[in-house]
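Participant: Have a look at this fold, sequence not included:
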């Protein structure tokens, strides 16, 4: 009888303690959420790291929240990797996948992002299905795959409030990209060789081109003045002509690099806009 | 029978443990957080205090946790965050002593985070709500420093006088320091700001004079010399018949020095004015701290 009583007590105590333990972990998750809501992200991450999940759903919650905190801290790669660990049964699965793909897009790993999005089996008629198509269209633009974009854009429905305006924006980005002038660094160099500064004007930097032209013209005229007054052997002519020559060559080289810089700036700017328009629907749909 | 007794005893023991837990819970609630705070681990201590704030249902414990968390954040130098966190407890119903501490911490954190208007507003609230509090004197130094940072010289003068003369332990040293302070913040001793616009205007008509106005005579002389030198080069080139070179080289150089000088005079006036005032304020702050120390020394 005595042994039996003790056995029952131990069983009871064991069950209660296990339950309490799981309850404590759930409370810890609530506490972590509270910290995230208060924007105390480092603190939330610290709390999440101390939680030892008791179940798969709890593990999913920890991965999801940790990934979310890292996303908020703009630590996109570790965020994407943690979000990928959320299992298919979790209510956070879709959100985690979409955000993980977005994070990979942001860190120039478009292929990885595509793999994640293609892995989602979604009905194209639902909002999430349409969003999958929309995100893939954004990725196609980021990859400058215009045929791919056109195919995706045909499936734009314009019927989901979460990203109806972003669909229109994607079309605008596509038009800007396809109509963008294809400026050649070689042509810019040639133009600046003919007329100093013209290459920069060709590259779209009119003010820089005009200033460059004025500087070189002033130096050239100064050298000419010394040539006219003191002859070709004079130190004044040789020094000013040399300086003018250096500036002239520098201007040609500057025109070549300006075209490259301009192309880089244009691509960066439009990529940021595409990523921004990919991001807004995610925040609209999942928050 | 014995088995039943054992069973009952175990049950009582378990219940007793739980009830003892409940009773001692509040006493031990802060133990972990406090020990972390004392060990200097302010990051984890702040989390533990926030945990108490989040889980505790007792408003007093929530209040205390918030107050302690602010102190941990202060140790980390996160004054603005501490100020914002403390705001959560403003409406809590606790004893006056605790509310005084809350407002004092809020005013202090607001001052330390550089939000002097907020600090002054909170100090005024402290005077309004806790005017007769025995520790009201704690706020006087922060109040004086706030007036100083806000450049409210008259208020600072009046407040410092009130602070020293009405102090329980006002002594000769403190009174002497007060006199020194009053003399220091006389209107004629307060640095008058040099206006960048005026400096630029001076340099427009007389090269180098704007730098002189900004308190940088060496830069002024250098700029005036540079302009004269470039004009000289232009003159020599014209004299020798190099008219184009005189225009592009000499006059080109002159316009760079001329317009550059105007811009530089404005920037120097702004920078020097700011640093002079900052230096003055630091000297006054030093005096205020000396008064506080003198009053503490009794």
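Facilitator: That came through, no problem. Every value quoted in this text rests on a predicted model; they were computed, and no experiment measured them.
Participant: For the rest of this, base every contact and every neighbour count on C-alpha atoms.
Facilitator: Fine.
Participant: Compute the distance between residue B:260 and chain A, please.
Facilitator: Spatial separation of residue B:260 from chain A under the definition C-alpha to the nearest C-alpha, to the nearest Å is 18 Å.
Participant: neighbours of that residue, just the number please.
Facilitator: Residues near residue B:260, counting by other C-alpha atoms under 10 Å in any protein chain shown, number 13.
Participant: what sits against it?
Facilitator: Contacts for residue B:260 (C-alpha atoms under 8 Å, 6 or more residues apart in numbering or on different chains) come out as none.
Participant: Quick one: classify residue 89 as helix, strand or coil.
Facilitator: The chain I'm using is chain A. Residue A:89 carries the three-state label coil when classified by DSSP: H, G, I helix; E, B strand; the rest coil.
Participant: looking at chain B here, not the other one
Facilitator: State at residue B:89, reduced to three classes by three-state DSSP: coil.
Participant: Go ahead and confirm it touches residue B:66.
Facilitator: Yes. Using C-alpha atoms under 8 Å, residue B:89 is in contact with residue B:66, at 7.3 Å.
Participant: Have a look at these two and say which one is more surrounded.
Facilitator: Neighbours per residue, other C-alpha under 10 Å: of residue B:89 and residue B:66, the larger number sits with residue B:66, 26 against 21.
Participant: what sits against the residue most central in space within chain A?
Facilitator: Nearest to the geometric centre of chain A sits residue A:106, at 2.8 Å (C-alpha atoms, centre = their mean). Residue A:106 makes contact with A:76, A:275, according to C-alpha under 8 Å, 6+ apart.
Participant: Run a quick neighbour tally on residue A:256.
Facilitator: With neighbours defined by other C-alpha under 10 Å, the count for residue A:256 comes to 23.
Participant: Show me what the helix or strand containing it is packed against.
Facilitator: Mapping residue A:256 onto the secondary structure by DSSP states H and E places it in helix A:235-286. On a contact count with 3 or more C-alpha pairs under 8 Å, 6 or more residues apart in numbering or on different chains; DSSP states H and E, helix A:235-286 meets helix A:93-106, helix A:127-142, helix A:164-179, helix A:185-194, helix A:198-203, helix A:206-230.
Participant: pLDDT on the first one, on average?
Facilitator: What it means is helix A:93-106. Helix A:93-106 comes out with an average pLDDT of 96.
Participant: for the record, mean pLDDT for the next helix-or-strand element following that helix?
Facilitator: Helices and strands here follow DSSP H and E; after helix A:93-106, the next one along the chain is helix A:110-118. For helix A:110-118, the mean per-residue pLDDT is 95.
Participant: Give the buried residues for helix A:110-118.
Facilitator: A:110, A:112, A:113, A:114, A:116, A:117 (16 or more other C-alpha atoms under 10 Å in any protein chain shown).
Participant: Show me what it is packed against.
Facilitator: Using 3+ C-alpha pairs under 8 Å, 6+ apart: helix A:110-118 touches helix A:93-106, helix A:127-142.
Participant: report the angle between the axes of that helix and helix A:93-106?
Facilitator: Taking axes from the mean of the first three to the mean of the last three C-alpha atoms, to 10 degrees, one finds helix A:110-118 and helix A:93-106 inclined to each other by 160 degrees.
Participant: List the contacts of helix A:110-118.
Facilitator: Helix A:110-118 has contacts (C-alpha under 8 Å, 6+ apart) with A:97-98, A:100-105, A:132, A:135-136, A:139, A:142-143.
Participant: Which among those count as buried?
Facilitator: In those, burial by neighbour count holds for A:97-98, A:100-105, A:132, A:135-136, A:139, A:142, counting by 16+ other C-alpha under 10 Å.
Participant: Residue A:199: which of the residues you listed is nearest?
Facilitator: In terms of C-alpha to C-alpha, no member of the buried ones among the contacts of helix A:110-118 lies closer to residue A:199 than residue A:142, at 28.3 Å.
Participant: Nearest spatial neighbour of the closest one, chain-adjacent residues omitted?
Facilitator: In space, residue A:142 comes closest to residue A:271 once its chain neighbours are excluded; the distance is 6.2 Å by C-alpha to C-alpha, 6 or more residues apart in numbering or on different chains.
Participant: do the same with residue A:73
Facilitator: Closest to residue A:73 by C-alpha to C-alpha, 6+ apart is residue A:41, at 7.6 Å.
Participant: same check, this time on residue B:104
Facilitator: With C-alpha to C-alpha, 6+ apart as the measure, residue B:139 is the residue that lies nearest to residue B:104, at 6.9 Å, once sequence neighbours are left out.
Participant: The one you found and residue B:125 touch, don't they?
Facilitator: No. Look at residue B:139 against residue B:125 with C-alpha under 8 Å: they stay out of range, at 11.4 Å.
Participant: Distance from the chain centre to the one helix or strand residue B:199 maps to, please.
Facilitator: Residue B:199 is part of helix B:196-205 when elements are defined by DSSP H and E. For helix B:196-205, the distance from its own C-alpha centre to the chain's C-alpha centre is 33 Å (C-alpha atoms, centre = their mean, to the nearest Å).
Participant: got the contact list for that helix?
Facilitator: Outside of helix B:196-205, the residues within contact range by C-alpha under 8 Å, 6+ apart are B:209-211, B:213-214, B:258, B:261-263, B:265-270.
Participant: For these, pick the one with the most neighbours.
Facilitator: The member of those that has the most neighbours, counting by other C-alpha under 10 Å, is residue B:265 with 34 neighbours.
Participant: how much space between it and residue B:200?
Facilitator: Taken as C-alpha to C-alpha, to the nearest Å, the spacing of residue B:265 relative to residue B:200 amounts to 6 Å.
Participant: ok, now residue A:234?
Facilitator: When C-alpha to C-alpha is applied, the distance between residue A:234 and residue B:200 equals 41 Å.
Participant: The two: which is more packed in?
Facilitator: More crowded of residue A:234 and residue B:200, by other C-alpha under 10 Å: residue B:200, with 28 against 12.
Participant: what's the neighbour count on the residue lying closest to residue A:212 once chain neighbours are set aside?
Facilitator: Once flanking residues are discounted, residue A:212 sits nearest to residue A:197: 5.3 Å by C-alpha to C-alpha, 6+ apart. Residue crowding around residue A:197 was assessed by other C-alpha under 10 Å; the count is 31.
Participant: and residue A:155, helix, strand or coil?
Facilitator: Residue A:155 is classified as coil under three-state DSSP.
Participant: Give the full set of residues in contact with it.
Facilitator: Residue A:155 sits next to A:130, A:133 when contact means C-alpha under 8 Å, 6+ apart.
Participant: Go again with 10 Å.
Facilitator: In this structure, residue A:155 makes contact with A:124, A:125, A:130, A:133, A:134, A:137, judged by C-alpha atoms under 10 Å, 6 or more residues apart in numbering or on different chains.
Participant: what does residue A:53 give?
Facilitator: Taking C-alpha under 10 Å, 6+ apart, we find residue A:53 in contact with A:22, A:25, A:26, A:29, A:59, A:60, A:61, A:62.
Participant: is it possible to export those to TSV including secondary structure, neighbour count and pLDDT?
Facilitator: Compiled in TSV, the contacts of residue A:53 are given as follows (DSSP: H, G, I helix; E, B strand; the rest coil; neighbours: other C-alpha atoms under 10 Å in any protein chain shown; pLDDT from 0 to 100):
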residue	secondary structure	neighbour count	pLDDT
A:22	helix	17	59
A:25	helix	19	73
A:26	helix	17	85
A:29	helix	21	93
A:59	helix	18	94
A:60	helix	25	95
A:61	helix	23	95
A:62	helix	25	96
